[in-house]
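K.L.:
Make a model of this:
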Amino acid sequence: QVQILESGGGLVQAGDSLRLSCAASGRGFSSFSMGWFRQGPGKEREFIAGMSYRGDRKVYADSVKGRFTVSRGNAKNVGYLQMNNLNYEDTAVYFCAADYTGSVHEVKTTPATYAHWGQGTRVTVSA
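P.N.:
As a prediction, this is how the structure comes out:
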């Protein structure tokens with residue numbers, strides 16, 4: 001059983017930065033690809049960033065490209081989402097997800113394709 005815990009959210013001002021962490025326990029996480037999603041007020045959960053199992057492929061949503069960076073710790077049981085130049089539209093609950101993929105280079109972008117989720121961490125950006 002894989003358990004995922006996000007942390008690092010908070011209240012910041014527009015233009016600030018935050019780094020979210022995704023800590024996993026249980027077998028298999030080091031072999032999973034990882035995705036970050038967010039769900040804003042009244043909105044559906046959306047993909048924002050993901051990294052393949054080997055870390056050689058990273059995918060970003062257009063809304064965060066150039067501002068957010070996904071990475072993984074050396075131990076591979078921790079993932080990170082560095083968020084720079086935050087704006088009001090980034091206000092949401094952020095979720096980390098992980099799962100096996102058919103290819104070591106694959107990055108899944110659909111929420112329903114991930115089996116393991118954290119409980120989310122809230123990010124609030126004041127204008």
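K.L.:
Quick one: low-confidence residue ranges for this protein.
P.N.:
Along the chain, no part satisfies pLDDT under 70.
K.L.:
hmm, 90 instead?
P.N.:
Where the chain drops to pLDDT under 90, the residues are 1-2, 24-33, 53-56, 72-78, 100-106, 127.
K.L.:
tell me the contacts of residue 47?
P.N.:
Counting by Cβ atoms under 8 Å, 6 or more residues apart in numbering, residue 47 makes contact with 35-37, 61, 109-111. The C-beta positions use only the backbone N, C-alpha and C, and glycine is treated the same way.
K.L.:
closest to residue 79 among the residues you listed?
P.N.:
Nearest to residue 79 out of the contacts of residue 47 is residue 36 (Cβ to Cβ; 7.9 Å).
K.L.:
What residues of the helix or strand harbouring that closest one count as buried?
P.N.:
Per DSSP states H and E, residue 36 falls inside strand 33-39. Neighbour-count burial for strand 33-39 flags 33-38 (criterion: 16 or more other Cβ atoms under 10 Å).
K.L.:
quick revisit: JSON lines please, covering the contacts of residue 47 and showing distance to residue 82.
P.N.:
Converted to JSON lines, those look like this (distance: Cβ to Cβ, whole Å):
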{"residue": "35", "distance to residue 82": "15"}
{"residue": "36", "distance to residue 82": "11"}
{"residue": "37", "distance to residue 82": "16"}
{"residue": "61", "distance to residue 82": "15"}
{"residue": "109", "distance to residue 82": "19"}
{"residue": "110", "distance to residue 82": "23"}
{"residue": "111", "distance to residue 82": "22"}
